[in-house]
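A.B. asks: Pasting a predicted model and its sequence here:
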Amino acid sequence: MRRRTLAYFIIDILIVTVAFLIFIWIKPASRRLYLPNYLPYFLFFLALWVLVSISIDKYRLHKKQSLRDLLFPILVGDFIIFSAVVFLIAFLQHFDYSRMIVFGTMGLSFLTEVFFAYVYYYNRKLSRDAEHFDTFAQTLIKVKAGLLDQEEAGIILAEKPEGAVPPLNRDLVIREAGEDVFRFIKKNIDLEHQRTLVVSTTTSFNILSQPEGYFKAIVNLRDVNDIKRINRFFESVNSRLPQYGLYINCVETNQIRKQRILRKYPPVLNRIYYFFHFLFMRVFPKLPYTKKFYFWVTNGYNRSISKAEAFGRLYSCGFELISSEQIGDKLYFVARKIQEPSFDYHPTYGPLIKLKRVGKQGKIIYVYKMRTMHPYSEYLQDYIYKLNDLETGGKFRDDFRVSTTGRIMRKLWIDELPMLINLFRGDLKLVGIRPLSTQYFELYTDELKAKRTRTKPGLIPPFYADLPKTLEEIQDSENKYLDEYFRHPFLTDWRYFRKAVYNIVVMRARSN
């Protein structure tokens, strides 16, 4: 344990101990009565406090980049401890301990920690500002003495923690990200080229301040997780690259983060911590009443993001993925600009989504479903098709876009229920061809595409009647259905409906 971390650890113990003694002193007759009786239980409480604080990495203050980074572990840790104490109080039949001492100790400790976090942060900020001012003053002295020209001075004064680093400085890249990352970057682009921009930033300003079209490659060493407005940032990178320009960045995906947490903390405790992490970092941002609180606390920093969402955002912003590689606890990727961003201001992000599908006469309809894929997955249709073959039933093999809860909902047919809205609105009929995305629609033959657009898609497709196994068999099944439907619409739908219901209910047929 580093000296600074050990010092913060000791200070935190003193804060809790002093808070406990203050409320012992406030309580009448407490020094004589409460102190001997409470001391063993206080030591247990103190051990719980320290254990939770260590598990959430509260004591490494020197690693925190912003005030929110400092306050977040305090909020999470104290919330866990408060929940544990409330649980014990609720389930202990004879709770004879003073609630004023118990909750007073926690409340005063929390407020003191927050106060010291503010003091620590602004003291460090003042020190950095002072260092920057000293650099500024020394640079001016050297300019006046003729030791530096104005261009060299401008380079020195422009250097900031989140600013661009010189493309030729190999040591800076390695110090920021490590040798393995440097080798990955060098393998994909020429770092020695003067038209490669290397930055470590989370703001679009540091990208948009660069000349348009000058750089052939942009490398950002900061995680995508720390960027508050990810699409706006990707769009900024797109605007500063020429056609087929390269972009390298990294992301800690949900799966990598889960593995890191489970590996970092002891068994049982790691599951408890991950549960609260999952609740706050992945559930809160999806709910309307907790979303604002989540962004107020985190400011969008260190957000949870799936591999599908990260890559889907890239594709929506005009990039295509060339390669990716996990290095340590981060997934590094190389993307290439192929078009302008789509500027989709209404992405499918919530639990109930609207998907673009090809309807009658080739018109685009919006089909309602429960979300089973990660956000922005719809932009990865072509990428997944090129990456994987189709499996039995015409689905993509190894489709990482489908979430764990999504697989469960698909098995139980929960995701299909909102399509009843489309049935009542007249976008779909009860039996008919499956509504397809434009990407999947383009996989079909021209003859079948022409037939499909002559009728409405259906809620129950002919797939469940014929149970085809390959894309070719699916097309043959739909061709057969459409030919019969155009001759005898009602009888064909009734026959397919009976057979589909039998296969679904009795034979347990599923599309996935």
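C.D. replies: Right, received. Where do you want to start?
A.B. asks: Find the residue closest to Arg434 in space, skipping its chain neighbours.
C.D. replies: Spatially, and ignoring its direct neighbours in sequence, Arg434 is nearest to Pro461 (3.9 Å; CB to CB, 6 or more residues apart in numbering). C-beta: built from backbone N, CA, C; applies to glycine.
A.B. asks: Could I get the contacting residues of that neighbour?
C.D. replies: Val431, Gly432, Ile433, Arg434, Glu478 (CB atoms under 8 Å, 6 or more residues apart in numbering).
A.B. asks: Dump those into CSV; add neighbour count, pLDDT and secondary structure as well.
C.D. replies: CSV is the format used below for the contacts of Pro461 (neighbours: other CB atoms under 10 Å; pLDDT from 0 to 100; DSSP: H, G, I helix; E, B strand; the rest coil):
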residue, neighbour count, pLDDT, secondary structure
Val431, 23, 94, strand
Gly432, 23, 93, coil
Ile433, 25, 94, coil
Arg434, 19, 91, coil
Glu478, 23, 93, helix
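A.B. asks: Relative to Pro418, which of those is nearest.
C.D. replies: Arg434 (15.7 Å; CB to CB).
A.B. asks: Roughly how far does the most centrally placed residue in the chain sit from Tyr385?
C.D. replies: With distances taken as CA atoms, centre = their mean, Ile305 lies nearest the centre of the chain, 1.4 Å away. Distance, Ile305 to Tyr385, by CB to CB, to the nearest Å: 23 Å.
A.B. asks: swap in Asp476?
C.D. replies: Separation of Asp476 from Tyr385 (CB to CB) stands at 20 Å.
A.B. asks: Could you do Val50 as well?
C.D. replies: With CB to CB as the criterion, Val50 and Tyr385 are 52 Å apart.
A.B. asks: try Ser200
C.D. replies: Distance of Ser200 to Tyr385, computed by CB to CB: 35 Å.
A.B. asks: Between the two, point out the one with more neighbours.
C.D. replies: Ser200 (19 against 15; other CB atoms under 10 Å).
A.B. asks: Isn't the more buried one up against Ile218?
C.D. replies: No: between Ser200 and Ile218 there is no contact under CB atoms under 8 Å: 11.8 Å.
A.B. asks: where does the stretch 201-350 of the chain dip in pLDDT?
C.D. replies: For the stretch 201-350 of the chain, the stretches with pLDDT under 70 are 344-350.
A.B. asks: make it 80
C.D. replies: 213, 286-289, 297, 300, 342-350 (pLDDT under 80).
A.B. asks: hey, where'd the helices end up in the stretch 401-512 of the chain?
C.D. replies: Here the stretch 401-512 of the chain has its helices, by DSSP state H, counting those that start in this stretch, at 404-412, 419-425, 438-441, 446-452, 463-466, 471-487, 489-505.
A.B. asks: Likewise for the stretch 51-200 of the chain?
C.D. replies: So, for the stretch 51-200 of the chain - with DSSP H, counting those that start in this stretch - the helices run 67-91, 99-144, 150-158, 170-177, 179-188.
A.B. asks: Which of these comes out lowest on mean pLDDT?
C.D. replies: Sorting the helices of the stretch 51-200 of the chain by mean pLDDT places helix 150-158 lowest, at a mean of 50.
A.B. asks: Could you tell me the model confidence score at Gly146?
C.D. replies: Taking Gly146 on its own, its pLDDT is 57.
A.B. asks: do Pro166 as well
C.D. replies: Pro166 is assigned 47 on the pLDDT scale.
A.B. asks: Against Arg229, how distant is Ile338?
C.D. replies: Applying CB to CB, the value for Ile338 to Arg229 is 22 Å.
A.B. asks: Where does pLDDT dip in the stretch 351-500 of the chain?
C.D. replies: 351-352, 378, 381-382, 384-400, 403-407, 411-413, 439.
A.B. asks: switch to 50 and redo it
C.D. replies: Applying pLDDT under 50 to the stretch 351-500 of the chain flags residues 393.
A.B. asks: Touching, Ile322 and Ile338? I think so.
C.D. replies: No: the pair Ile322 / Ile338 is not scored as a contact, 10.5 Å apart, by CB under 8 Å.
A.B. asks: Contact partners for Ser324?
C.D. replies: Leu331, Tyr332, Phe333, Val334.
A.B. asks: Isn't the third one up against Phe234?
C.D. replies: The one in question is Phe333. No: counting by CB under 8 Å, Phe333 does not reach Phe234; the two are 11.8 Å apart.
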